[in-house]
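[1] Below are the sequence and a predicted model; questions follow.
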Amino acid sequence: MIGFSRSALLLGAAVFVLAGCRTESTDATSPEAQASGEADTTEVASTFEISAPERVQGASQRTREVNLVSQTDDETACYLVVENAGTMEMLMAEKDLCGITYEFEGERVKITQEDATVRAVSCAGDPDCPDTETVPLVVQVERR
């Protein structure tokens, strides 16, 4: 059975929304876009902002071993899809980790996590919203 933690689901939903809302240079008024049913989501994507994670000072570190399945990133963070004992998780990681962990995909790795704060999902991208959530943040990945 595949299980996901609440924070992983919230992060996954945010990544899904951002990934689904990104557009390249497709013109929504072009005949190709109209024929394919594409919608112009540029405005929606630019209004949905996720804050960069901020490490909680003095937070304890936790390490564990997992299989790194894949990764993706956006403007604020890196997201690692990992598997352990048949359970898949999406973990938020420091932004610079996506640049170095791609070569570990498909391998067993040791991850180190610390608590971090991010703007709450309930803020729906409102940059003035004061609400935050504490989430585990991957701060280190090592090949096993």
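    Received, thanks.

[2] pLDDT weak spots in this protein?
    Judged by pLDDT under 70, the chain has its weakly predicted residues at 1-50.

[3] repeat that with 80
    Within the chain, the ranges that satisfy pLDDT under 80 run 1-51.

[4] Which stretches in it count as helices?
    Per DSSP state H, the chain carries helices over the ranges 6-21, 31-36, 42-47, 98-101.

[5] so who does the nearest residue to Cys78 once chain neighbours are set aside touch?
    Distance criterion C-beta to C-beta, 6 or more residues apart in numbering; nearest residue to Cys78, sequence neighbours excluded, is Cys98 at 3.6 Å. Just so you know, the C-beta spots here come from the backbone N, C-alpha and C atoms, and that holds for glycine as well. By C-beta atoms under 8 Å, 6 or more residues apart in numbering, the contact set of Cys98 is Gln71, Thr72, Asp73, Cys78.

[6] Of those, which qualify as buried by neighbour count?
    Gln71, Asp73, Cys78 (16 or more other C-beta atoms under 10 Å).

[7] The residues you listed in strands, which ones?
    Counted as lying in strands by DSSP state E, out of the buried ones among the contacts of Cys98, are Gln71, Asp73, Cys78.

[8] Many thanks, I have nothing further to ask.
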